[in-house]
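Enquirer: My questions are about this predicted structure, shown below with the sequence.
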Amino acid sequence: MIGKVETIGKSGRGIVFDAGKPVFIDGVLKGEVVEFAVTKKKHSVSFGSLKKVIEASPERITPPCPYYGVCGGCNFQHMAYREQVAVKQEILKSNLKRIAKINYPHPVEVIKSPPSRYRTRAIVKIRDGRAGFFKKESHDIVEIDSCLLLPQIVGDFLRALKQNPVINGNNKGEILILTNGSELSALLNTDGNRTYLTDKKEILFKIGEFRYTYSPENFIQANLFTLESMTGLAQKSVGRDHFERAADLFCGAGFFSLSLSRRAGVVYAVEADTNNISSLKTNIKNNKISNVKIMKADILENAAPQADFYLVDPPRTGLNKRIIHDIAGHRPKKILYFSCDSATFCRDITYFHEVGYVINELTIIDNFPQTDHFEIYSCLTL
């Protein structure tokens, strides 16, 4: 079959229409004419495999990684970086229109990232003495010597793994890797047994005026180059306002809580994970902050603390209608919503609209070059 790629969807797949029905195809760019074969049909859509590019986009490039197409980590390496950014803008605006019924009238600004060596963290899978990442749509292992998304220090560590008898003796597990670009900590997890493979158990990150200590088990934003930009967006939105009570929901180890402490009487830092809370306590102490109050709770199952300002940065699954109505019931002046999934973000925006909150600011932070993923920052006001 031959068709023209009409657009790129949230999955990173191109959409070609066959007899009026969409076919999703990996490895294509918008505007290309391609030869493809339908490989699977599911309900009203189909999935296809690319056979040949007949008319290539000028934005098509040779993927720089030798594992591309086999490893399941990246799906945009065949696109020039400027095209990757344009696709992500289009995906967000399309989802706003389709899911939230919003025709966003302004250009969506993008905070860009260097397209390689940007990752703060990685999870390396271990199977039968082999270390690497999962193959595309599989739990088989792709053994790798290096990954272009990871800083060079991680590549050196991965190459040395092949000679590590601890790894060779493990049948199944994973290695949690954390790096600030110059230092690295790696934790081997096999059947609940944890063993550090590095002398360092914690890594220091300097972000703006604050110093953060993280372990491989903590959550930290994925991109080394946009950490300060993300905290900067929150600080800019707060501006010169001073809030009596601010709440940082899903606060992790305090990435946003520390800077919010400068503009609030008290910050309620709400987090469910014990490892994150332990590092949060360390970060509060090391930065000599006295007005952050830690609350251990799963905010998706519990009531939000009363505040006049909220910052939420939930997992990929997003929020839910109950917590959104709970937050809005306190009538905060501003709600900052960071999201790593455009579909759940747009779903949640419909709930915020129901209670009177609209998008006042919207920015993409490109935390994940070479993939279809991206971070969204929004400021919601009444």
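Expert: Nice, thanks for sending it over.

Enquirer: Contacts for stretch 240-251, please.
Expert: Contact partners of stretch 240-251, identified using C-beta atoms under 8 Å, 6 or more residues apart in numbering, comprise 254, 256-257, 260, 263-271, 276, 280, 299, 304-315, 333-334. The C-beta positions use only the backbone N, C-alpha and C, and glycine is treated the same way.

Enquirer: At which residues are the helices of the stretch 251-382 of the chain located?
Expert: 257-260, 274-286, 321-329, 342-354 (DSSP state H, counting those that start in this stretch).

Enquirer: for those, which one sits closest to residue 95?
Expert: The closest of those to residue 95 is helix 342-354. By C-beta to C-beta, the value is 4.6 Å.

Enquirer: which of the contacts of stretch 240-251 are buried?
Expert: Among these, the ones that count as buried by 16 or more other C-beta atoms under 10 Å are 254, 256-257, 260, 263-264, 266-271, 276, 280, 299, 304-305, 307-314, 334.

Enquirer: Provide the backbone phi and psi angles at residue 189.
Expert: Per-residue torsions, residue 189: phi -120, psi 110 (degrees, to the nearest 10).

Enquirer: Now the residue nearest to residue 104 when sequence neighbours are not counted. Its backbone dihedrals?
Expert: Leaving aside its sequence neighbours, residue 104 sits nearest to residue 96 (C-beta to C-beta, 6 or more residues apart in numbering; 5.2 Å). Per-residue torsions, residue 96: phi -60, psi -40 (degrees, to the nearest 10).

Enquirer: OK, contacts around residue 96?
Expert: Residue 96 touches 102-104, 346, 349, counting by C-beta under 8 Å, 6+ apart.

Enquirer: Can you tell me the centre-most residue of this protein?
Expert: residue 340 (4.5 Å; C-alpha atoms, centre = their mean).

Enquirer: list the contacts for that residue?
Expert: 315-316, 367, 373-376.

Enquirer: Look at it and report its pLDDT.
Expert: pLDDT for residue 340: 97.

Enquirer: give me phi/psi at it?
Expert: Per degrees, to the nearest 10, the backbone of residue 340 is at phi -110, psi 10.

Enquirer: The stretch 1-150 of the chain: strands as residue ranges?
Expert: In order along the chain, the stretch 1-150 of the chain carries the following strands (DSSP state E, counting those that start in this stretch): 2-4, 7-8, 14-18, 21-25, 33-42, 45-55, 109-111, 121-127, 130-134, 141-143.

Enquirer: for the helix or strand following the last one, which positions count as buried?
Expert: It refers to strand 141-143. Along the chain past strand 141-143, the next helix or strand (assigned with DSSP states H and E) turns out to be helix 152-161. By neighbour count on 16+ other C-beta under 10 Å, the buried set for helix 152-161 is 153-155, 157-158, 161.

Enquirer: ok, these vs residue 64, which is closest?
Expert: residue 155 (13.9 Å).

Enquirer: so who does the closest one touch?
Expert: 145-147.

Enquirer: Now, of those residues, which are buried?
Expert: By 16+ other C-beta under 10 Å, these give residue 147 as buried.

Enquirer: pLDDT added to the contacts of residue 155, as CSV?
Expert: Shown next, in CSV, are the contacts of residue 155 (pLDDT from 0 to 100):
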residue, pLDDT
145, 82
146, 85
147, 94
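
Enquirer: Generate CSV for the contacts of residue 155, with distance to residue 18 as supplementary columns.
Expert: Output for the contacts of residue 155, formatted as CSV (distance: C-beta to C-beta, whole Å):
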residue, distance to residue 18
145, 40
146, 39
147, 35
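
Enquirer: tell me the helices in the stretch 51-200 of the chain, going along the chain?
Expert: 81-98, 152-161, 165-168.

Enquirer: Flag the shaky bits of this protein, pLDDT-wise.
Expert: 169-170 (pLDDT under 70).

Enquirer: what residues go with each domain of it?
Expert: The chain is divided into the following domains under automatic domain parsing: 2-60, 109-114+221-381, 121-206.

Enquirer: Please identify which of those is closest to residue 82.
Expert: Across the domains of the chain (criterion: C-beta to C-beta), the nearest stretch is domain 2-60, sitting at 7.2 Å.

Enquirer: what's the first-to-last distance across the closest one?
Expert: 18 Å (C-alpha to C-alpha, to the nearest Å).

Enquirer: How far does it sit from its chain's centre?
Expert: 25 Å (C-alpha atoms, centre = their mean, to the nearest Å).

Enquirer: show me what contacts the closest residue to residue 295 other than its chain neighbours?
Expert: Distance criterion C-beta to C-beta, 6+ apart; nearest residue to residue 295, sequence neighbours excluded, is residue 270 at 4.7 Å. Residue 270 is in contact with 247-251, 295, 297, 299, 304-305, counting by C-beta under 8 Å, 6+ apart.

Enquirer: Check the gap between residue 270 and residue 355 for me.
Expert: Per C-beta to C-beta, to the nearest Å, residue 270 is found 20 Å from residue 355.

Enquirer: ok so, going back, could the domains of the chain go into a markdown table alongside distance to residue 87?
Expert: Formatted as a markdown table, these follow (distance: least, C-beta to C-beta, whole Å):
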| stretch | distance to residue 87 |
| --- | --- |
| domain 2-60 | 5 |
| domain 109-114+221-381 | 7 |
| domain 121-206 | 18 |
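
Enquirer: Pick the most deeply packed of the ones you listed.
Expert: The highest average neighbour count among those, using mean count of other C-beta atoms under 10 Å, belongs to domain 109-114+221-381 at a mean of 19.
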